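missing the sequence, but the structure's below:
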(Lines give C-alpha, C1' and ligand atoms only; values in the text may rest on other atoms or scores of the structure.)
Protein backbone atom coordinates (compact mmCIF):
# COMPACT_ATOMS: atom_id res chain seq x y z
CA UNK A 1 0.00 0.00 0.00
CA UNK A 2 1.84 3.05 -1.28
CA UNK A 3 0.79 6.62 -0.50
CA UNK A 4 1.02 8.55 -3.75
CA UNK A 5 0.65 12.32 -4.01
CA UNK A 6 2.16 12.58 -7.47
CA UNK A 7 5.26 14.45 -6.34
CA UNK A 8 8.91 13.43 -6.66
CA UNK A 9 9.15 11.63 -3.34
CA UNK A 10 6.02 9.49 -3.44
CA UNK A 11 6.67 8.63 -7.09
CA UNK A 12 10.21 7.51 -6.31
CA UNK A 13 8.90 5.55 -3.32
CA UNK A 14 6.39 3.74 -5.52
CA UNK A 15 9.14 2.88 -8.01
CA UNK A 16 11.28 1.59 -5.11
CA UNK A 17 8.47 -0.60 -3.80
CA UNK A 18 7.95 -2.05 -7.28
CA UNK A 19 11.68 -2.62 -7.69
CA UNK A 20 11.69 -4.47 -4.36
CA UNK A 21 9.13 -6.85 -5.83
CA UNK A 22 6.03 -5.72 -3.98
CA UNK A 23 2.65 -5.98 -5.68
CA UNK A 24 1.66 -2.35 -5.24
CA UNK A 25 -1.63 -0.64 -4.56
CA UNK A 26 -1.46 3.15 -4.73
CA UNK A 27 -3.55 5.41 -2.53
CA UNK A 28 -4.13 9.12 -3.02
CA UNK A 29 -6.37 11.61 -1.25
CA UNK A 30 -8.69 14.28 -2.54
CA UNK A 31 -8.52 16.18 0.73
CA UNK A 32 -9.52 19.67 -0.25
CA UNK A 33 -5.94 20.58 -1.10
CA UNK A 34 -5.27 23.82 -2.94
CA UNK A 35 -3.18 21.82 -5.41
CA UNK A 36 -5.84 19.23 -6.18
CA UNK A 37 -4.42 19.04 -9.70
CA UNK A 38 -1.66 16.88 -8.14
CA UNK A 39 -4.14 14.02 -8.41
CA UNK A 40 -3.80 14.21 -12.20
CA UNK A 41 -0.08 13.67 -11.74
CA UNK A 42 -0.73 10.81 -9.33
CA UNK A 43 -2.93 9.11 -11.94
CA UNK A 44 -0.31 9.55 -14.65
CA UNK A 45 2.45 8.27 -12.38
CA UNK A 46 0.48 5.17 -11.38
CA UNK A 47 -0.30 4.43 -15.03
CA UNK A 48 3.27 4.97 -16.15
CA UNK A 49 4.53 2.54 -13.52
CA UNK A 50 1.92 -0.06 -14.38
CA UNK A 51 0.00 0.14 -11.10
CA UNK A 52 -3.56 -0.81 -11.91
CA UNK A 53 -5.03 -0.51 -8.40
CA UNK A 54 -4.90 3.21 -7.67
CA UNK A 55 -7.58 4.53 -5.34
CA UNK A 56 -8.37 8.14 -4.58
CA UNK A 57 -10.22 8.57 -1.30
CA UNK A 58 -12.10 11.79 -0.57
CA UNK A 59 -11.65 13.29 2.87
CA UNK A 60 -12.49 16.83 3.80
CA UNK A 61 -9.48 18.35 5.52
CA UNK A 62 -10.95 21.80 4.87
CA UNK A 63 -13.28 20.91 7.74
CA UNK A 64 -10.12 20.95 9.85
CA UNK A 65 -8.30 23.82 8.13
CA UNK A 66 -5.33 25.41 9.86
CA UNK A 67 -3.03 25.23 6.81
CA UNK A 68 -2.19 27.26 3.73
CA UNK A 69 -3.05 24.14 1.73
CA UNK A 70 -6.57 23.69 3.11
CA UNK A 71 -7.64 27.15 4.26
CA UNK A 72 -7.57 30.69 2.84
CA UNK A 73 -3.99 31.36 3.97
CA UNK A 74 -1.36 32.54 1.48
CA UNK A 75 1.29 30.05 0.41
CA UNK A 76 4.70 31.58 1.26
CA UNK A 77 6.76 32.42 -1.82
CA UNK A 78 10.46 32.94 -2.56
CA UNK A 79 11.67 32.11 0.94
CA UNK A 80 15.46 31.69 0.97
CA UNK A 81 16.87 28.30 2.00
CA UNK A 82 18.07 29.69 5.35
CA UNK A 83 14.53 30.72 6.19
CA UNK A 84 13.03 27.51 4.85
CA UNK A 85 15.26 25.41 7.09
CA UNK A 86 13.87 26.92 10.29
CA UNK A 87 10.56 26.08 11.89
CA UNK A 88 7.42 24.49 10.53
CA UNK A 89 5.75 26.57 7.80
CA UNK A 90 2.04 27.37 7.38
CA UNK A 91 1.82 24.76 4.63
CA UNK A 92 1.91 22.14 7.39
CA UNK A 93 -1.50 20.38 7.42
CA UNK A 94 -2.51 19.33 10.94
CA UNK A 95 -2.20 15.56 11.36
CA UNK A 96 -2.16 14.94 7.60
CA UNK A 97 0.25 12.03 7.46
CA UNK A 98 -1.39 10.50 10.54
CA UNK A 99 -4.73 10.63 8.76
CA UNK A 100 -3.29 9.35 5.46
CA UNK A 101 -1.48 6.45 7.14
CA UNK A 102 -4.60 5.60 9.16
CA UNK A 103 -6.59 5.16 5.97
CA UNK A 104 -3.74 3.22 4.38
CA UNK A 105 -3.66 1.00 7.45
CA UNK A 106 -7.38 0.32 7.27
CA UNK A 107 -7.23 -0.46 3.58
CA UNK A 108 -4.14 -2.61 4.06
CA UNK A 109 -5.84 -4.61 6.78
CA UNK A 110 -9.02 -5.05 4.74
CA UNK A 111 -7.02 -6.33 1.78
CA UNK A 112 -4.52 -8.49 3.67
CA UNK A 113 -1.49 -6.24 3.13
CA UNK A 114 1.09 -5.53 5.84
CA UNK A 115 3.56 -3.28 4.05
CA UNK A 116 2.87 0.44 3.87
CA UNK A 117 5.14 2.77 1.92
CA UNK A 118 5.33 6.51 2.45
CA UNK A 119 7.77 8.87 0.77
CA UNK A 120 8.62 10.97 3.78
CA UNK A 121 12.02 12.56 3.87
CA UNK A 122 13.75 14.21 6.81
CA UNK A 123 16.68 15.80 4.97
CA UNK A 124 15.58 18.17 2.18
CA UNK A 125 12.09 18.79 3.51
CA UNK A 126 9.96 21.48 5.10
CA UNK A 127 10.42 20.49 8.73
CA UNK A 128 7.03 18.81 8.98
CA UNK A 129 6.90 16.76 12.19
CA UNK A 130 5.06 13.89 10.50
CA UNK A 131 7.95 13.28 8.11
CA UNK A 132 10.48 12.28 10.77
CA UNK A 133 11.70 8.78 11.68
CA UNK A 134 10.33 9.02 15.24
CA UNK A 135 6.85 9.69 13.85
CA UNK A 136 7.08 6.75 11.49
CA UNK A 137 8.25 4.37 14.23
CA UNK A 138 5.44 5.54 16.52
CA UNK A 139 2.88 4.91 13.78
CA UNK A 140 4.29 1.44 13.15
CA UNK A 141 3.93 0.61 16.84
CA UNK A 142 0.39 1.94 16.79
CA UNK A 143 -0.52 -0.01 13.66
CA UNK A 144 0.29 -3.32 15.28
CA UNK A 145 -1.71 -2.48 18.42
CA UNK A 146 -4.69 -0.94 16.62
CA UNK A 147 -5.65 -3.72 14.27
CA UNK A 148 -7.16 -7.16 14.38
CA UNK A 149 -4.52 -8.42 11.94
CA UNK A 150 -1.71 -7.00 14.07
CA UNK A 151 -3.06 -8.23 17.40
CA UNK A 152 -3.93 -11.69 16.13
CA UNK A 153 -0.42 -12.03 14.73
CA UNK A 154 -1.47 -12.59 11.13
CA UNK A 155 1.53 -10.44 10.29
CA UNK A 156 3.51 -7.42 11.36
CA UNK A 157 2.66 -4.08 9.83
CA UNK A 158 5.72 -2.28 8.54
CA UNK A 159 5.94 1.35 7.48
CA UNK A 160 8.59 1.53 4.77
CA UNK A 161 10.29 4.87 4.20
CA UNK A 162 12.99 4.22 1.60
CA UNK A 163 13.77 7.94 1.16
CA UNK A 164 13.79 9.12 4.74
CA UNK A 165 17.55 9.67 5.02
CA UNK A 166 18.25 10.66 1.40
CA UNK A 167 18.97 14.14 0.09
CA UNK A 168 16.82 15.46 -2.75
CA UNK A 169 19.76 14.86 -5.10
CA UNK A 170 20.02 11.25 -4.01
CA UNK A 171 16.26 10.81 -4.42
CA UNK A 172 16.38 12.19 -7.97
CA UNK A 173 19.37 10.03 -8.86
CA UNK A 174 17.64 6.98 -7.44
CA UNK A 175 14.50 7.78 -9.40
CA UNK A 176 16.49 8.32 -12.58
CA UNK A 177 18.12 4.92 -12.13
CA UNK A 178 14.64 3.44 -11.78
CA UNK A 179 13.53 5.07 -15.03
CA UNK A 180 11.11 7.60 -13.59
CA UNK A 181 9.94 10.35 -15.90
CA UNK A 182 9.77 13.30 -13.53
CA UNK A 183 7.83 15.34 -16.10
CA UNK A 184 4.81 13.39 -14.89
CA UNK A 185 5.20 14.60 -11.31
CA UNK A 186 3.97 17.76 -9.62
CA UNK A 187 5.47 19.24 -6.45
CA UNK A 188 3.94 22.73 -6.44
CA UNK A 189 1.62 23.89 -3.64
CA UNK A 190 0.09 26.58 -5.79
CA UNK A 191 -0.13 25.43 -9.41
CA UNK A 192 -2.57 26.68 -12.00
CA UNK A 193 -5.51 24.60 -13.13
CA UNK A 194 -3.45 23.06 -15.93
CA UNK A 195 -0.87 21.78 -13.47
CA UNK A 196 1.86 24.30 -14.23
CA UNK A 197 3.98 25.05 -11.17
CA UNK A 198 4.33 28.47 -9.53
CA UNK A 199 8.10 28.09 -9.20
CA UNK A 200 8.18 30.11 -5.98
CA UNK A 201 6.64 28.08 -3.14
CA UNK A 202 8.88 26.10 -0.77
CA UNK A 203 8.08 22.87 -2.55
CA UNK A 204 8.99 24.30 -5.98
CA UNK A 205 12.20 25.76 -4.58
CA UNK A 206 13.26 22.45 -2.99
CA UNK A 207 12.47 20.73 -6.30
CA UNK A 208 14.39 23.29 -8.38
CA UNK A 209 17.40 23.15 -6.05
CA UNK A 210 17.33 19.37 -6.29
CA UNK A 211 17.40 19.21 -10.08
CA UNK A 212 20.10 21.85 -10.19
CA UNK A 213 22.30 20.15 -7.58
CA UNK A 214 21.82 16.79 -9.30
CA UNK A 215 22.87 18.32 -12.61
CA UNK A 216 19.62 17.14 -14.13
CA UNK A 217 17.40 19.06 -16.50
CA UNK A 218 14.33 20.35 -14.65
CA UNK A 219 11.39 19.18 -16.78
CA UNK A 220 8.79 21.13 -14.78
CA UNK A 221 6.38 23.41 -16.68
CA UNK A 222 6.33 26.67 -14.74
CA UNK A 223 3.59 29.30 -14.94
CA UNK A 224 6.03 32.19 -15.38
CA UNK A 225 8.07 30.58 -18.11
CA UNK A 226 4.98 29.72 -20.13
CA UNK A 227 3.70 33.29 -19.65
CA UNK A 228 7.04 34.58 -20.88
CA UNK A 229 6.84 32.20 -23.80
CA UNK A 230 3.43 33.60 -24.68
CA UNK A 231 4.80 37.13 -24.44
CA UNK A 232 7.77 36.50 -26.69
CA UNK B 1 -12.46 17.38 21.49
CA UNK B 2 -14.88 14.54 22.27
CA UNK B 3 -15.62 11.69 19.86
CA UNK B 4 -19.38 11.18 19.94
CA UNK B 5 -21.14 8.27 18.26
CA UNK B 6 -24.39 8.73 20.15
CA UNK B 7 -24.08 5.48 22.10
CA UNK B 8 -23.94 4.96 25.85
CA UNK B 9 -20.16 5.14 26.18
CA UNK B 10 -19.42 8.25 24.11
CA UNK B 11 -22.40 10.04 25.65
CA UNK B 12 -21.19 9.26 29.16
CA UNK B 13 -17.69 10.33 28.16
CA UNK B 14 -18.99 13.67 26.92
CA UNK B 15 -20.89 14.19 30.17
CA UNK B 16 -17.68 13.35 32.10
CA UNK B 17 -15.63 15.85 30.11
CA UNK B 18 -18.22 18.55 30.75
CA UNK B 19 -18.33 17.66 34.44
CA UNK B 20 -14.53 17.99 34.56
CA UNK B 21 -14.95 21.56 33.35
CA UNK B 22 -13.74 21.18 29.77
CA UNK B 23 -15.22 23.40 27.08
CA UNK B 24 -16.30 20.58 24.77
CA UNK B 25 -16.41 20.24 21.02
CA UNK B 26 -18.10 17.06 19.83
CA UNK B 27 -17.03 15.21 16.70
CA UNK B 28 -18.98 12.52 14.88
CA UNK B 29 -18.40 10.69 11.62
CA UNK B 30 -20.69 9.88 8.77
CA UNK B 31 -18.46 7.01 7.64
CA UNK B 32 -20.79 4.86 5.63
CA UNK B 33 -21.89 2.95 8.71
CA UNK B 34 -24.86 0.64 8.45
CA UNK B 35 -26.30 2.37 11.51
CA UNK B 36 -26.00 5.91 10.18
CA UNK B 37 -29.11 6.78 12.15
CA UNK B 38 -26.78 6.89 15.20
CA UNK B 39 -25.91 10.41 14.03
CA UNK B 40 -29.44 11.51 14.93
CA UNK B 41 -28.75 10.28 18.44
CA UNK B 42 -25.40 12.05 18.48
CA UNK B 43 -27.13 15.33 17.54
CA UNK B 44 -29.75 14.88 20.25
CA UNK B 45 -27.12 14.00 22.85
CA UNK B 46 -24.98 17.03 21.99
CA UNK B 47 -28.02 19.30 22.18
CA UNK B 48 -29.24 17.83 25.45
CA UNK B 49 -25.83 18.37 27.03
CA UNK B 50 -25.58 21.94 25.74
CA UNK B 51 -22.69 21.32 23.36
CA UNK B 52 -23.08 23.87 20.58
CA UNK B 53 -20.02 22.92 18.53
CA UNK B 54 -20.85 19.48 17.16
CA UNK B 55 -19.29 18.61 13.82
CA UNK B 56 -20.07 15.64 11.64
CA UNK B 57 -17.26 14.83 9.23
CA UNK B 58 -17.92 12.62 6.21
CA UNK B 59 -15.37 9.92 5.47
CA UNK B 60 -15.96 6.95 3.26
CA UNK B 61 -14.96 3.83 5.15
CA UNK B 62 -16.99 1.78 2.65
CA UNK B 63 -14.04 2.42 0.36
CA UNK B 64 -12.08 0.32 2.87
CA UNK B 65 -14.80 -2.18 3.79
CA UNK B 66 -13.82 -5.35 5.60
CA UNK B 67 -16.51 -5.02 8.30
CA UNK B 68 -20.14 -5.94 8.86
CA UNK B 69 -20.72 -2.24 9.57
CA UNK B 70 -19.32 -0.95 6.27
CA UNK B 71 -19.67 -3.83 3.83
CA UNK B 72 -22.41 -6.30 2.84
CA UNK B 73 -21.61 -8.73 5.66
CA UNK B 74 -24.33 -9.87 8.07
CA UNK B 75 -24.26 -8.47 11.60
CA UNK B 76 -24.09 -11.44 14.00
CA UNK B 77 -27.21 -11.86 16.12
CA UNK B 78 -28.05 -13.52 19.44
CA UNK B 79 -24.51 -14.59 20.23
CA UNK B 80 -24.26 -15.78 23.84
CA UNK B 81 -21.95 -13.89 26.19
CA UNK B 82 -19.44 -16.76 26.20
CA UNK B 83 -19.12 -16.50 22.43
CA UNK B 84 -19.05 -12.70 22.47
CA UNK B 85 -16.14 -12.69 24.89
CA UNK B 86 -13.84 -14.58 22.52
CA UNK B 87 -12.05 -13.12 19.53
CA UNK B 88 -12.69 -10.01 17.48
CA UNK B 89 -16.05 -10.09 15.64
CA UNK B 90 -16.82 -9.07 12.04
CA UNK B 91 -18.26 -5.79 13.29
CA UNK B 92 -14.67 -4.65 13.84
CA UNK B 93 -13.96 -1.81 11.37
CA UNK B 94 -10.33 -1.79 10.21
CA UNK B 95 -8.41 1.07 11.82
CA UNK B 96 -11.61 2.94 12.72
CA UNK B 97 -10.52 4.46 16.02
CA UNK B 98 -7.11 5.27 14.55
CA UNK B 99 -8.84 7.18 11.76
CA UNK B 100 -11.31 8.87 14.12
CA UNK B 101 -8.58 9.94 16.54
CA UNK B 102 -6.42 11.18 13.66
CA UNK B 103 -9.17 13.54 12.54
CA UNK B 104 -9.82 14.59 16.14
CA UNK B 105 -6.10 15.28 16.50
CA UNK B 106 -6.04 17.43 13.36
CA UNK B 107 -9.10 19.38 14.44
CA UNK B 108 -7.74 19.75 17.96
CA UNK B 109 -4.47 21.12 16.67
CA UNK B 110 -6.20 23.52 14.28
CA UNK B 111 -8.36 24.88 17.10
CA UNK B 112 -5.72 24.97 19.84
CA UNK B 113 -7.10 22.07 21.89
CA UNK B 114 -4.88 19.42 23.50
CA UNK B 115 -7.42 17.20 25.25
CA UNK B 116 -9.09 14.42 23.27
CA UNK B 117 -11.79 12.27 24.84
CA UNK B 118 -12.81 8.86 23.54
CA UNK B 119 -15.30 6.52 25.20
CA UNK B 120 -13.39 3.30 24.70
CA UNK B 121 -13.90 0.56 27.22
CA UNK B 122 -11.87 -2.59 27.67
CA UNK B 123 -14.16 -4.44 30.09
CA UNK B 124 -17.67 -4.93 28.69
CA UNK B 125 -16.75 -4.55 25.04
CA UNK B 126 -16.42 -6.52 21.84
CA UNK B 127 -12.71 -7.22 21.98
CA UNK B 128 -11.84 -4.52 19.46
CA UNK B 129 -8.07 -3.95 19.54
CA UNK B 130 -8.46 -0.18 19.21
CA UNK B 131 -10.37 0.06 22.49
CA UNK B 132 -7.49 -1.11 24.70
CA UNK B 133 -5.23 0.98 26.96
CA UNK B 134 -2.09 0.04 24.99
CA UNK B 135 -3.67 1.39 21.81
CA UNK B 136 -4.64 4.62 23.51
CA UNK B 137 -1.15 5.16 24.97
CA UNK B 138 0.43 4.47 21.57
CA UNK B 139 -1.85 7.03 19.94
CA UNK B 140 -1.00 9.61 22.61
CA UNK B 141 2.72 9.09 21.94
CA UNK B 142 2.08 9.43 18.22
CA UNK B 143 0.00 12.58 18.66
CA UNK B 144 2.84 14.42 20.33
CA UNK B 145 5.35 13.38 17.66
CA UNK B 146 3.04 13.96 14.68
CA UNK B 147 2.01 17.54 15.24
CA UNK B 148 3.50 21.00 15.10
CA UNK B 149 1.81 21.89 18.39
CA UNK B 150 3.20 18.77 20.06
CA UNK B 151 6.72 19.10 18.70
CA UNK B 152 6.98 22.83 19.40
CA UNK B 153 5.87 22.20 22.97
CA UNK B 154 2.79 24.42 22.84
CA UNK B 155 1.18 21.73 24.94
CA UNK B 156 0.95 17.99 25.45
CA UNK B 157 -1.81 16.10 23.71
CA UNK B 158 -3.70 13.85 26.07
CA UNK B 159 -6.12 11.09 25.14
CA UNK B 160 -8.65 10.86 27.95
CA UNK B 161 -10.51 7.58 28.39
CA UNK B 162 -12.59 7.99 31.54
CA UNK B 163 -14.49 4.72 30.96
CA UNK B 164 -11.70 2.42 29.94
CA UNK B 165 -11.62 0.33 33.13
CA UNK B 166 -15.33 0.54 34.03
CA UNK B 167 -17.94 -2.18 33.63
CA UNK B 168 -21.11 -1.36 31.68
CA UNK B 169 -22.97 -1.20 34.97
CA UNK B 170 -20.50 1.33 36.35
CA UNK B 171 -20.74 3.37 33.16
CA UNK B 172 -24.54 3.45 33.36
CA UNK B 173 -24.47 4.38 37.03
CA UNK B 174 -21.94 7.12 36.34
CA UNK B 175 -24.09 8.43 33.52
CA UNK B 176 -27.18 8.34 35.67
CA UNK B 177 -25.39 10.36 38.34
CA UNK B 178 -24.51 12.88 35.65
CA UNK B 179 -28.14 13.18 34.60
CA UNK B 180 -27.88 11.50 31.20
CA UNK B 181 -31.14 10.54 29.53
CA UNK B 182 -30.15 7.26 27.88
CA UNK B 183 -33.34 7.28 25.81
CA UNK B 184 -31.48 9.68 23.54
CA UNK B 185 -28.69 7.20 22.84
CA UNK B 186 -28.44 4.42 20.28
CA UNK B 187 -26.13 1.41 20.55
CA UNK B 188 -27.54 -0.90 17.88
CA UNK B 189 -25.48 -1.94 14.86
CA UNK B 190 -28.56 -2.81 12.83
CA UNK B 191 -31.39 -0.42 13.68
CA UNK B 192 -34.30 0.47 11.44
CA UNK B 193 -34.52 3.84 9.71
CA UNK B 194 -36.44 5.30 12.64
CA UNK B 195 -33.66 4.44 15.05
CA UNK B 196 -35.32 1.47 16.74
CA UNK B 197 -32.81 -1.14 17.88
CA UNK B 198 -32.68 -4.73 16.67
CA UNK B 199 -32.18 -6.07 20.18
CA UNK B 200 -30.07 -8.97 18.97
CA UNK B 201 -26.65 -7.69 17.82
CA UNK B 202 -23.67 -7.80 20.18
CA UNK B 203 -24.01 -4.11 20.95
CA UNK B 204 -27.71 -4.44 21.84
CA UNK B 205 -26.99 -7.47 24.01
CA UNK B 206 -24.19 -5.71 25.91
CA UNK B 207 -26.52 -2.73 26.39
CA UNK B 208 -29.43 -4.88 27.56
CA UNK B 209 -27.22 -6.84 29.96
CA UNK B 210 -25.91 -3.55 31.32
CA UNK B 211 -29.31 -2.06 32.10
CA UNK B 212 -30.46 -5.32 33.63
CA UNK B 213 -27.35 -5.76 35.81
CA UNK B 214 -27.56 -2.12 36.89
CA UNK B 215 -31.20 -2.60 37.86
CA UNK B 216 -32.15 0.27 35.58
CA UNK B 217 -35.13 0.42 33.26
CA UNK B 218 -33.99 -0.11 29.65
CA UNK B 219 -35.49 2.85 27.76
CA UNK B 220 -34.47 1.54 24.34
CA UNK B 221 -37.16 1.30 21.65
CA UNK B 222 -36.70 -2.12 20.03
CA UNK B 223 -37.96 -3.15 16.61
CA UNK B 224 -39.51 -6.40 17.86
CA UNK B 225 -41.36 -4.84 20.77
CA UNK B 226 -42.87 -2.13 18.58
CA UNK B 227 -43.87 -4.76 16.02
CA UNK B 228 -45.54 -6.66 18.83
CA UNK B 229 -47.20 -3.47 19.95
CA UNK B 230 -48.52 -2.94 16.43
CA UNK B 231 -49.76 -6.53 16.39
CA UNK B 232 -51.58 -6.34 19.73
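Yes, it's here. Predicted model, so just to flag it, every value in this text is computed and none were measured.

for residue A:198, what are its contacts?
Counting by CB atoms under 8 Å, 6 or more residues apart in numbering or on different chains, residue A:198 touches A:75, A:77, A:188, A:189, A:190, A:191, A:192, A:204, A:222, A:223, A:224. Backbone N, C-alpha and C define where each C-beta goes, glycine included.

pLDDT at it, what is it?
Note on residue A:198: pLDDT of 97.

what's the nearest residue to it if we skip its chain neighbours?
residue A:190 (4.5 Å; CB to CB, 6 or more residues apart in numbering or on different chains).

quick revisit: would you turn the contacts of residue A:198 into TSV with secondary structure?
Formatted as TSV, the contacts of residue A:198 follow (DSSP: H, G, I helix; E, B strand; the rest coil):
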residue	secondary structure
A:75	coil
A:77	strand
A:188	coil
A:189	coil
A:190	coil
A:191	coil
A:192	coil
A:204	helix
A:222	strand
A:223	helix
A:224	helix
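
Confirm that residue A:144 sits in a helix.
Yes. Residue A:144 forms part of a helix when assessed by three-state DSSP.

Tell me, how many residues neighbour it?
Residue A:144: 21 surrounding residues under other CB atoms under 10 Å in any protein chain shown.

For it, which residues are in contact?
Residue A:144 makes contacts with A:150, A:151, A:156, A:157, as judged by CB under 8 Å, 6+ apart.

List the residues that contact the residue nearest to residue A:198.
A:34, A:35, A:75, A:77, A:198, A:200, A:201.

related to what we said a few turns ago, looking at the contacts of residue A:144, which are in helices?
Residues of those located in helices (DSSP state H): A:150, A:151.

Can I have the buried ones of the contacts of residue A:144 as a PyMOL selection?
Provided next is the PyMOL selection string for whichever of those are buried by 16 or more other CB atoms under 10 Å in any protein chain shown:
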select buried, chain A and resi 150+151+157
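
where does chain A dip in pLDDT?
Scanning chain A for pLDDT under 70 picks out the ranges A:225-232.

counting contacts, what elements does the longest helix along it pack onto?
Counting residues, the longest helix found in chain A (DSSP H) is helix A:96-111. Secondary-structure packing of helix A:96-111 (3 or more CB pairs under 8 Å, 6 or more residues apart in numbering or on different chains; DSSP states H and E): strand A:2-3, strand A:26-30, strand A:115-117, helix A:133-146, helix A:148-151, helix B:96-111, helix B:133-146.

Please state the offset of that helix from the chain centre?
15 Å (CA atoms, centre = their mean, to the nearest Å).

next one: stretch A:95-107
Counting by CA atoms, centre = their mean, stretch A:95-107 is centred 13 Å from the centre of its parent chain.

Please apply the same query to stretch A:126-133.
Mean-position distance between stretch A:126-133 and its chain equals 12 Å (CA atoms, centre = their mean).

And for stretch A:165-173?
Relative to its parent chain, stretch A:165-173 has a centroid offset of 14 Å by CA atoms, centre = their mean.

Going by neighbour count, list what's buried in that stretch.
Buried residues in stretch A:165-173, defined by neighbour count with 16+ other CB under 10 Å: A:166, A:168, A:169, A:170, A:171, A:172, A:173.

tell me, which of the residues you listed make contact with chain B?
Of the residues in these, proximity to chain B by CB under 8 Å from any CB of the partner chain holds for none.

Include distance to residue B:116 when you put those into a markdown table, please.
As requested, those are exported to a markdown table (distance: CB to CB, whole Å):
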| residue | distance to residue B:116 |
| --- | --- |
| A:166 | 34 |
| A:168 | 35 |
| A:169 | 40 |
| A:170 | 38 |
| A:171 | 35 |
| A:172 | 39 |
| A:173 | 42 |
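
which one of those is nearest chain B?
Ranked by distance to chain B (CB to the nearest CB), those are led by residue A:166 at 21.0 Å.

Export the contacts of residue A:144 as CSV, with columns for distance to chain B.
Converted to CSV, the contacts of residue A:144 look like this (distance: CB to the nearest CB, whole Å):
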residue, distance to chain B
A:150, 7
A:151, 4
A:156, 14
A:157, 10
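
from the contacts of residue A:144, which is closest to residue B:139?
Using CB to CB, the shortest approach to residue B:139 within the contacts of residue A:144 belongs to residue A:150, at 13.8 Å.

ok, that closest one touching residue A:157?
Yes. Look at residue A:150 against residue A:157 with CB atoms under 8 Å: they come within range, at 5.6 Å.

okay, the helices and strands packed on helix A:96-111 in TSV with distance to residue A:89 next?
TSV is the format used below for the helices and strands packed on helix A:96-111 (distance: least, CB to CB, whole Å):
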stretch	distance to residue A:89
strand A:2-3	21
strand A:26-30	20
strand A:115-117	25
helix A:133-146	17
helix A:148-151	34
helix B:96-111	15
helix B:133-146	16
